[in-house]
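Undergrad: Sharing a model that was predicted from the sequence below.
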Amino acid sequence: PDGRYVYFSEDVSRGPTFQYNKNPHEGIYAIRRLDRDNGELIDLIRLPGGAVRPQPSPDGRSLAFVRRVGDKSVLSLFDLKTGDYRPLWDGLSHDQQEAWAIFGVYPNYDFTPDGQSIVIWAQGKLWRVDVASGQASQIPFSADVDQTLDEPVRASRRIDDAPFQARMIRDVARSPDGSELLFHAAGSLYRMALPNGAPERLTDDSGFEYSPDYAPDGSAIVYVRFDDRSLSQVVRLDRASGARLELTLEPGFYFNPRFSPDGSRVVYSKQTGGNLVDFRFGLETGVYWVNSAGGTPTRVARDGYDPRFSADGKRVQFLTGGGLEKLYKSVDLAGAEPREHFKLKYADQLVPSPDGKWIAWTELFNAYVAPFPDTGAAVSLGRDSKALPVRKLSGEAGQYLHWSGNNQSLHWLVGPAYYSRDLKDSFAFVQGAPEKLPEAGDLKPMTITLSLPTAKPQGQLALVGARLLTQHNGAVIEDGTIIVDDNRISAIGPSSEVSVPAGARRIDVQGKTIMPGIIDVHAHANHFFNGPSAQQNWSYYANLAYGVTTTHDPSANTQEVFTQAEMVRSGVITGPRVYSTGTILYGADGDFRAMVDSLDDARHHLKRLKAQGAWSVKSYNQPRRDQRQQINQAARELGMIVVMEGGSTFFHNLSMIIDGSTGVEHNLPVAPLYADMIGLWSRTQVGNTPTLVVAYGGLSGEYWWYEHSDVWQKQRLLNFFPSEALDGRSIRRQKAPDSEYFHITVSESVNALRQAGVPIMVGGHGQMQGLGTLWEMWLIGQGGMPNAQVLEAGTIAGARYLGLDADLGSLEVGKLADLLVLPGNPLEDLMVLEQVEQTMVNGQLFDSQTMAQIAPVAKPAPEFYWQRHGVGRAQAAGFGRMGPTAVCHCPKGAHP
């Protein structure tokens, strides 16, 4: 009270970042005291159970605080003279010690002026707690609230069977004479005569192709080829003869090959693989060059990426580092004489002009250019650099920057839109510059028009005799028949009323139950590996094996996920339907942050993502309410949806609901919810995907399943999941009472929201591909939600949320044939979902246990790298590291 001391609570647990599942009984928070007279800072209260929310008494003799005792949060009193402490009242609501509690670990409270009582919130009420006795009495309180609610952001989209235009165009190169483009789409390289030729395949190779570059004289092309068995190779293609030469001597993971200025050498980087593709041949990584006619490669750097030769061909330039601390460096051809050219924070891709006089780069999604300074020391490079004249090139975004052969123009992509800008239009001091330089937004792009086929099987199937859980207004058909023509349902009804067409393949499903395929709207499905795509993607097969036929990834690498989506849609690879937000609209610091300070900023970000294949975006930790509102408004204008990162930020969550977001991802950190919160939310149609597998506030639901089931022994999962990764996550498991699993309390509130009319969806968060989605459905059921509503959450509710309910989510005539054949009735027992026998996606029927295709044509089960050679057991030899299936997508692993 005299103002000398400042009391505060601080997370003093090990490590610099937020972590799930910390142990409050061991202690997470301590109360610290700062002496304002001398600056002394001490730990005042550091106890098992933690200590949070300090509040000094009016006389300065005591300090009230909150700690965890067993499964209760307890209001306690600390004697500032003796150091003694005692519990006052154990009726508090669950504190937020285990959550990402940036708004406080418990609501504010205070002593009454006489110091005899404490007034505090708990259990949805206000209470007066007598300091002497610890007796609590309720303080009557009610309020009439008038609140304006915005309509939720909504958008609908049809899934067409016709050919589609590729939107994720990437890895672009322009011939030195400007007559031709090379680019990557859906796994292959295409060539296109400029200005408006029809794209055609560069080769007829069955492998995937990436990262092309032209020889300076245009006579050859170098690129990376990949397939699951032989991995990557750097290939030189002679344009005249079509002859191919592999320049790398062994398989590996190679990136960004480029010719030297005289065409005699090729530089590239070698990196490690990932858990989707392989871990072999991940040794001796770094930057290499090799003679373009073949020979032994020379390594010039042990780390580095995106290499290229200097203008004179005597040095190799490359990037090192990552995040907000990157360097652009160079070495000579022997790997000696290192030099640093640029220090980088937000800039990522750097592209010097062929003559070495200019440097172009991308920064926070836009493209910039400046003179290349020859100072002999590193220069800080960024859009706000004062030491150099900097010009913004792009209006909304600029990726895959590259120069014309004559050094006079820059080119870049935004989806299929191909932009060009002359240097003379960027700087007044360049010869030929106009009197008034055009603005970046004035450019008109050329459109790369590449039509890809939508995969569509041929044939007619009749599934006869099953119980049909249609998810169409809750209708159940006993002894029903479904007719599938190609990839859509053409008839459905009681078997007595649906005739099997002549020539249709009849599949007897007597005694089985058929339901729609599961839609996981929060599915992180390994979309962060910025490298070659697996031809047999075990993550996708695991999802299909457990009945997940549609995924929506609300945080992914944009180029990776939309490439994968187009590969699945065109039938290049097998998988569930893939939809995504692409890279999150990240509001905190990072070299991928999305700065939103106006409605126009929001429009620009949404337009660039939509151009590449998104129709949903994820607003992620944008700190101000007006920023989130601007994103919502931009989405309304552009026909997109907005899923909000819940982020354990309850106050932000309230405004997300009030302002009409499409939905809130993750649970609210506060539970149980009371009538005020439920009543507010029920008056909107803003959805919630609670992701109980990673629920805030206690042990995550994922760990409940490790405790209660032998996950590492599930053969179906082992068919599609590297056992080493599974063993590490599941064998050595902890045991805890259910009271430690806060997801159960959260699930009860999720059920209360659903009964009040709030849309609830299923999101497995990628914690365990396929099986984790079923865990999430079962966890939702633990809160008391009826089985029928849990199934609804996993099917038609998800389709409505994503705006896909005209084609997905229920068994109806005209909808896509995505369905599951089960041995029992999940309306009676949800656990039967794990026993799915057959999965149909897009009219193709698979044996769910092995993922061998049954119909309309038979195909063998997939084979994965660890099944061929058990490489995962050799990690100690430098093959890389197995990670969790859900790659964390926040800075420093601090995923909320």
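TA: Great, that's in hand.

Undergrad: right, and residue 449 touches residue 199 too?
TA: Yes. Counting by CB atoms under 8 Å, residue 449 touches residue 199, with 7.5 Å between them. Quick note: C-beta positions are derived from backbone N, CA and C, even for glycine.

Undergrad: Can you pick out the residue with more neighbours from those two?
TA: It is residue 199, of residue 449 and residue 199, that has more neighbours when counted by other CB atoms under 10 Å, with 20 against 13.

Undergrad: Wait, that one touches residue 450, no?
TA: Yes. Between residue 199 and residue 450 there is a contact under CB under 8 Å: 4.7 Å.

Undergrad: Now list whatever residues contact both of the two.
TA: Common neighbours of residue 199 and residue 450, counting by CB atoms under 8 Å, 6 or more residues apart in numbering, are 185, 190.

Undergrad: Let me see the domain layout of this structure.
TA: The chain breaks down by automatic domain parsing into domains covering 5-139, 164-452, 454-516+810-862, 518-580+646-808.

Undergrad: End to end on the third one, go ahead and measure it.
TA: For domain 454-516+810-862, the separation between the terminal residues is 22 Å (CA to CA, to the nearest Å).

Undergrad: just for this protein, where's the confidence low?
TA: Within the chain, the segments meeting pLDDT under 70 span 870-896.

Undergrad: Report the central residue of it.
TA: The residue lying closest to the centre of the chain (CA atoms, centre = their mean) is residue 555, at 2.2 Å.

Undergrad: picking up where we left off before, let me have the domains of the chain in JSON lines, extended by distance to residue 623.
TA: Shown next, in JSON lines, are the domains of the chain (distance: least, CB to CB, whole Å):
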{"stretch": "domain 5-139", "distance to residue 623": "10"}
{"stretch": "domain 164-452", "distance to residue 623": "16"}
{"stretch": "domain 454-516+810-862", "distance to residue 623": "39"}
{"stretch": "domain 518-580+646-808", "distance to residue 623": "8"}
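
Undergrad: Which strand or helix spans residue 82?
TA: Assigned by DSSP states H and E, residue 82 falls within no helix or strand.

Undergrad: Let me know the next secondary structure element after the host helix or strand of residue 748.
TA: In this assignment (DSSP H and E), residue 748 forms part of helix 743-755. Toward the C-terminus, helix 743-755 is succeeded by helix 771-782 as the next helix or strand (DSSP H and E).

Undergrad: Who are the contact partners of the residue lying closest to residue 179 once chain neighbours are set aside?
TA: Excluding its sequence neighbours, the residue lying closest to residue 179 (CB to CB, 6 or more residues apart in numbering) is residue 194, at 5.8 Å. By CB under 8 Å, 6+ apart, residue 194 lies in contact with 174, 178-181.

Undergrad: Can you list phi and psi of the nearest residue to residue 325 once chain neighbours are set aside for me?
TA: If you skip the residues right next to it in sequence, residue 325 has residue 345 as its closest partner in space, 7.5 Å away by CB to CB, 6+ apart. Dihedral pair for residue 345: phi -110, psi -70, per degrees, to the nearest 10.

Undergrad: Likewise for the one 5 residues further on?
TA: As for residue 350, its main-chain torsions (degrees, to the nearest 10) stand at phi -120, psi 130.

Undergrad: Assign the nearest residue to it once chain neighbours are set aside to helix, strand or coil.
TA: Computed as CB to CB, 6+ apart, the closest residue to residue 350 that is not its neighbour in sequence is residue 361, at 4.8 Å. Following DSSP: H, G, I helix; E, B strand; the rest coil, residue 361 is assigned to strand.

Undergrad: What are the boundaries of the strands in the stretch 501-650 of the chain?
TA: 505-508, 513-516, 518-520, 548-553, 577-580, 585-586, 616-620, 641-645 (DSSP state E, counting those that start in this stretch).

Undergrad: Just say which of the ones you listed is most tucked in.
TA: strand 518-520 (a mean of 33; mean count of other CB atoms under 10 Å).

Undergrad: Quick check: residue 684 touching residue 149?
TA: Yes. In this structure, residue 684 is within contact of residue 149 by CB under 8 Å, at 5.3 Å.

Undergrad: ok, back up a step: tell me what the helix holding residue 748 is packed against?
TA: Here helix 743-755 touches helix 675-682, helix 771-782, going by 3 or more CB pairs under 8 Å, 6 or more residues apart in numbering; DSSP states H and E.
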